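>>> Structure of the sequence below:
(chains A and B)
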Amino acid sequence: MKSKIFLQVNIFCYLVIAAFLASAVVTSLSSGHPWAITCYNCSSCSRSCALGINPSGFTLSAIGNNPQMYLAAANIRLRLGEAAERDPDMIVTIRGKENMRAGQALADGISKDAEVMTFRMKAKDAAHYCLLCAACEKNCPVKLPIMDIIEDLRDDGKFNR
Amino acid sequence: MENPERPGLTISPRIERGRVKVLGFISLVIFILILLASLRGWIPQDLLALQSVLVLTTLALLGVAVLFQQSFHPAQVLAAMTLHPITATIAGFLLAGAVEAAGGFSAAARILSKLGKGVLGLSGVVVVLVNVPNIFAMPCGRVWAAALIPVALAYAAEIARIRNDLSLVAVVVFGLIINAAASCGPSPLGGIGMMGEGMARLPLYVFSNPQQIAIMMMTLFGMAAMAWLMRRYPVKINASVLHRQDNFSQQQRLVGYFALFSYVIGLTVIFIVQPPVPIQTLLIGMTILVMIVGKVSLKELFRGVILHPVTAMVAGFMVAGALLVTGGFDAMTQALTWLAIHTPLGFTGVGVMLIYVPTIFPMPCGRVLAASLLPGVIMFAEVVGQETRCPQCLPAMLIAFVLSAAASCGPSPLGGIGGIGEGNLGLPHGISAMPMQFGIILGVPIAALIVTYMGLSVEFLRINETVLSLFLGAVSGMATNTLLGYPFYQPGGIMGGSFVGGLLMVM
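Sure, this is the predicted structure:
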């Protein structure tokens, strides 16, 4: 009896695994960028980004159909007010203090005109600040059209294609 | 910050930060305890499979996140998922299944048997065979492991008969397995090394050669440890591996040779040309070609697919995704930083611990911990570099971590490659983990030392690296001679080892 229950638990868990894998295919299709599942996640694309963005985060957000997904963006300078207005949970470095949320920094009394360096931000926000230089595409070993995702998110922060 | 349940009431940022920290540490403790329980066998695998444990842990972690009112999107769990090794593994299994069904690997065993009677001798062929995954490094070691384990079994059985020592089967098979496991580190086709190079903004492929040289030595150390274990604590090996039948007709043998050469030449061309097409597409194309030529049916093809490592990998990524949601990995970095500041270990000691975290907690795919901990490793390496005033500290620590992570899928009892070898040889579950971990612990510093003292370069056939590779290759050959019971100076082993050392620099 005990082993039968565990057998059923095991079957349930394997079905969850299958569903999880299948969901990646379904969500990447619904984002309009199904090619994103072919990304190697090797981070080669991030080597030449002047803004310190890791563009493989864009492909991950397309796989999950989630423009709110956070990615590394370590070299964008903003005013604290702008960062907090765009996303209070954006992770920034301010006055040498690392890993602060922009909203928390404002609540701690730091001036909204203070300059911050971003650390992690949402994919849709990174697309907004992207320079569109396409350096990431040139470095991709399988030449994925990463700019398609960035241009898609840039307009309204949603996947529309 | 506004309380989402009671609008107008604000939560102090300090309380908010504390809540996030507590959640991170609780989830980290849950994860470590469950991992430990699985690794130590406290959770019986015959009742609850490893994958089930990982899925239930994911659900528990997400439940804790809900309890702590941590807002998250279900798709965030996907953030830790790297589909590349999963799809490459499945495509590799399909191709290996097709080649196996077409008789390709039996043909390989026949060729190796003939080579063993030639100038290279048994030990020379063994050195080359176990290093094939390292020479033609694929993005997932299981691509080669699935193909070469049957070949290694057939050839090792022949060696065991000749040397009258059944333990040699385990030495050869697990040598191949640790080599295959680590080979996803230096792979230029989306290997873990490329993740490290990309994140640290280093030139592409600078980690490949040092890793390959280190893996050659790691394989040797792993084989030596396995030989010691099998002699010190003899374990009964399934003797049926010695009696494999090769009853193919002449026509079937020709098809087998064709399938084998298509496989080897195809993978070599992909490796050298590195076309801008995902490797999975090319592997499936090759599978279709072998199926047509070898008249392989779909049923035969699916016999090659082993679901266990694939499901274990997916479940591992699910847990990693849940830990990202709950801040478990951030908590681990914070805990390590605290240890570095408040204990005599300092940043250097904790940095070394961090490098071996993937070997201590081996996951079914090294990418799970690599993707999660690489930012923390870079941060630590920068601090250690300032403390030690060693300019090469960052790349040295990074390559060591990458290699430790890459090789960790070999000894992982959570569906690692070692499990395939244990299953084939009828060995107790988890017995191969220690020897492989021993190999990793000794092999990893070699890559770091090469980077520290020779620097980073993508120069083709760089003299100091090439000389070192040839020398260590020869040493590897001598040691293999000894392991197989021959005098260390037997020329076949030395030639085989030097050949491997040379190929590592060319490929």
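
>>> which ones are touching residue 35?
The chain I'm using is chain A. By Cβ atoms under 8 Å, 6 or more residues apart in numbering or on different chains, A:Trp35 lies in contact with A:Leu144, A:Pro145. (Glycine included, C-beta is placed from N, CA and C.)

>>> Please refer instead to chain B.
B:Phe361, B:Leu414.

>>> Then B:Gln212?
By Cβ under 8 Å, 6+ apart, the contact set of B:Gln212 is B:Asn134, B:Ile135, B:Ala137, B:Pro186, B:Ser469, B:Leu504.

>>> which SS class is it?
Under the three-state scheme (DSSP: H, G, I helix; E, B strand; the rest coil), B:Gln212 adopts helix.

>>> Which positions within stretch B:41-53 qualify as buried?
Residues of stretch B:41-53 classed as buried by neighbour count (16 or more other Cβ atoms under 10 Å in any protein chain shown): B:Ile43, B:Leu48, B:Ala49, B:Leu50, B:Gln51, B:Ser52, B:Val53.

>>> For chain A, tell me which of the residues you listed show up nearby.
Counting by Cβ under 8 Å from any Cβ of the partner chain, B:Leu48, B:Ala49, B:Gln51, B:Ser52 from these sit close to chain A.

>>> in chain B, which residue is closest to the centre?
Nearest to the mean C-alpha position of chain B, counting by Cα atoms, centre = their mean, stands B:Ala181 at 2.6 Å.

>>> Spatially, and excluding backbone neighbours, which residue is closest to that one.
Spatial nearest neighbour of B:Ala181, excluding adjacent residues (Cβ to Cβ, 6 or more residues apart in numbering or on different chains): B:Gly410 at 3.1 Å.

>>> for that neighbour, helix, strand, or coil?
coil.

>>> Over to the one 4 residues further on?
Counting by three-state DSSP, the backbone at B:Leu414 sits in coil.

>>> ok, now how distant is the residue nearest to B:Ala322 when sequence neighbours are not counted from chain A?
For B:Ala322, ignoring the flanking residues on the chain, the nearest one in space by Cβ to Cβ, 6+ apart is B:Leu61 at 3.9 Å. To chain A, B:Leu61 is 14 Å away according to Cβ to the nearest Cβ, to the nearest Å.

>>> List the contacts of B:Leu61.
B:Leu61 neighbours (Cβ under 8 Å, 6+ apart): B:Ser27, B:Ile30, B:Phe31, B:Val319, B:Ala322, B:Leu323, B:Val325, B:Thr326, B:Gly328.

>>> and it, that's in a strand?
No: counting by three-state DSSP, B:Leu61 is not part of a strand but helix.

>>> coming back round to it: pull the most distant pair out of the buried residues of stretch B:41-53.
The most widely separated members of those are B:Ile43 and B:Gln51, with 12.0 Å between them, by Cβ to Cβ.

>>> Low-confidence stretches in the stretch 351-500 of chain B?
Applying pLDDT under 70 to the stretch 351-500 of chain B flags no residue at all.

>>> who in it is up against chain A?
Neighbours of chain A within the stretch 351-500 of chain B, by Cβ under 8 Å from any Cβ: B:Arg367, B:Ala371, B:Pro375.

>>> switch to 10 Å and redo it
Counting by Cβ under 10 Å from any Cβ of the partner chain, the stretch 351-500 of chain B comes close to chain A at B:Arg367, B:Ala370, B:Ala371, B:Leu374, B:Pro375, B:Met379.

>>> Alpha carbons of the helix or strand the fourth one falls within, in PDB - could you do that?
Translated: B:Leu374. In the assignment (DSSP states H and E), B:Leu374 maps to helix B:367-388. C-alpha atoms of helix B:367-388 as PDB (Å, rounded to 0.1, in the frame of the first residue of the first chain):
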ATOM      1  CA  ARG B 367      25.100  24.100 -15.400                       C
ATOM      2  CA  VAL B 368      22.600  24.300 -12.600                       C
ATOM      3  CA  LEU B 369      25.200  25.500 -10.100                       C
ATOM      4  CA  ALA B 370      27.400  27.200 -12.700                       C
ATOM      5  CA  ALA B 371      24.700  29.500 -13.900                       C
ATOM      6  CA  SER B 372      23.600  30.300 -10.300                       C
ATOM      7  CA  LEU B 373      27.000  30.800  -8.700                       C
ATOM      8  CA  LEU B 374      29.200  32.300 -11.400                       C
ATOM      9  CA  PRO B 375      28.400  35.900 -10.500                       C
ATOM     10  CA  GLY B 376      29.300  35.100  -6.800                       C
ATOM     11  CA  VAL B 377      32.600  33.400  -8.000                       C
ATOM     12  CA  ILE B 378      33.500  36.500 -10.000                       C
ATOM     13  CA  MET B 379      32.800  38.700  -7.000                       C
ATOM     14  CA  PHE B 380      35.000  36.500  -4.700                       C
ATOM     15  CA  ALA B 381      37.800  36.200  -7.300                       C
ATOM     16  CA  GLU B 382      38.000  40.000  -7.500                       C
ATOM     17  CA  VAL B 383      38.400  40.300  -3.700                       C
ATOM     18  CA  VAL B 384      40.900  37.400  -3.600                       C
ATOM     19  CA  GLY B 385      42.800  39.000  -6.400                       C
ATOM     20  CA  GLN B 386      43.100  42.200  -4.400                       C
ATOM     21  CA  GLU B 387      44.200  40.300  -1.300                       C
ATOM     22  CA  THR B 388      46.800  38.100  -3.000                       C
END
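
>>> Next, the buried residues of that helix.
B:367-381, B:383-385.

>>> now stretch B:479-490
B:Ala479, B:Thr480, B:Asn481, B:Thr482, B:Leu483, B:Leu484, B:Tyr486, B:Gln490.

>>> between those residues, which is closest to A:Asn160?
Using Cβ to Cβ, the buried residues of stretch B:479-490 come closest to A:Asn160 at B:Thr480, 59.2 Å.

>>> Check whether that closest one really touches B:Val130, as I assumed.
Yes: assessed by Cβ atoms under 10 Å, B:Thr480 is found in contact with B:Val130 at 8.4 Å.

>>> ok now do residue 126, which residues does it touch?
In the absence of a named chain, chain A is used. By Cβ atoms under 10 Å, 6 or more residues apart in numbering or on different chains, the contact list for A:Ala126 reads A:49, A:51-55, A:57-58, A:61, A:67, A:69-73, A:76, A:118, A:120, A:150, A:153-154.

>>> Switch to chain B, please.
Contact partners of B:Val126, counting by Cβ under 10 Å, 6+ apart, are B:112, B:116, B:120, B:152, B:155-156, B:159, B:168, B:171-172, B:175-176, B:223, B:477, B:480-481, B:483-484, B:492-493, B:496-497.
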